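1. I would like the atomic coordinates for the input below:
(2 chains)
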Amino acid sequence: MAMEANEIERLIKEAIPDATVRIEDLRGDGDHYAAYVSSATFKGKSRVQQHQMVYAALKGRMGGELHALALQTSAPE
Amino acid sequence: MENVVFDRIREEISDNDVVLFMKGSPVFPQCGFSAAVAQALTVMGVKFKGVDVLQDPGIRQGIKDFSNWPTIPQLYVKGEFVGGCDIVREMYESGELQQLLKDKGIETQAASA
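-> Coordinates of the predicted model:
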């Protein structure tokens, strides 16, 4: 069921190569994560579009084997 | 099959200014993320329609396809997808959500300064 933090990071970087990714395992149970993703490709996109890009990178795992991923995205200044 | 569900979703979001697709009802949410968004709307005094996806497997999957969004809750304002739990929380905390509702002409009571 659970997913490894470095697997989440790997998938995001595979799809968004310039991304800076920080993953926190919120409860230490491998099931509740927070991800902070920053990428220049987010520039000019809405938050919804930015999150959709990250969800797409996770290839359907979000909402499935990955139950809880609190997501925060930003474009570098 | 998909069209019937999409039609129902379109009807909900055009008939109601603020719609929250959620697990459980606004009074008895069945999920912490749904509860958080429902509570934020309630605190702002926003009238919204809660659609309980647990009552309807078609909508539960259909809304994810409709919005291209993998999780629930999902907030719609005036027919437009605003976001899920993380985005709504971020916007609520920064005051953007209040501004968005104001811009769309949605009434909030006792708007917090």
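2. remind me which residues of chain A are low pLDDT?
-> Residue ranges of chain A with pLDDT under 70: A:1-2.
3. Chain B too?
-> B:1-2, B:110-113.
4. Please name the nearest non-neighbouring residue to the one residue in chain A that gets nearest to chain B.
-> Using C-beta to the nearest C-beta, residue A:63 is the residue of chain A that sits closest to chain B, at 3.7 Å. Just so you know, the C-beta spots here come from the backbone N, C-alpha and C atoms, and that holds for glycine as well. In space, and not counting its chain neighbours, residue A:63 is closest to residue B:70: 3.7 Å by C-beta to C-beta, 6 or more residues apart in numbering or on different chains.
5. I'd assumed residue B:64 was in contact with that neighbour.
-> Yes. Between residue B:70 and residue B:64 there is a contact at 5.9 Å, judged by C-beta atoms under 8 Å.
6. ok, the two, which is more surrounded?
-> For residue B:70 versus residue B:64, neighbours defined as other C-beta atoms under 10 Å in any protein chain shown are more numerous around residue B:70 (20 against 17).
7. Tell me which residues touch the more buried one, please.
-> Contacts for residue B:70 (C-beta atoms under 8 Å, 6 or more residues apart in numbering or on different chains) come out as A:55, A:60, A:62, A:63, A:64, B:64.
8. What is the burial count for the fifth one?
-> Looking back up the chat, that one is residue A:64. Residue A:64: 12 neighbours (other C-beta under 10 Å).
9. The closest residue to it other than its chain neighbours: what secondary structure?
-> Leaving aside its chain neighbours, residue A:64 sits nearest to residue B:70 (7.9 Å; criterion: C-beta to C-beta, 6+ apart). Under DSSP: H, G, I helix; E, B strand; the rest coil, residue B:70 falls in the coil class.
10. Return the distance of residue B:70 relative to residue A:76.
-> 26 Å (C-beta to C-beta, to the nearest Å).
11. next one: residue A:29
-> 31 Å.
12. Regarding residue A:35, what is its secondary structure?
-> In three-state terms, and counting by three-state DSSP, residue A:35 is strand.
13. for it, what are its contacts?
-> Residue A:35 neighbours (C-beta under 8 Å, 6+ apart): A:8, A:12, A:21, A:22, A:23, A:24, A:54, A:69, A:70, A:71, A:72.
14. okay if I get those as CSV plus secondary structure and distance to residue B:48?
-> CSV is the format used below for the contacts of residue A:35 (DSSP: H, G, I helix; E, B strand; the rest coil; distance: C-beta to C-beta, whole Å):
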residue, secondary structure, distance to residue B:48
A:8, helix, 32
A:12, helix, 32
A:21, strand, 34
A:22, strand, 33
A:23, strand, 33
A:24, strand, 31
A:54, helix, 27
A:69, strand, 25
A:70, strand, 23
A:71, strand, 23
A:72, strand, 24
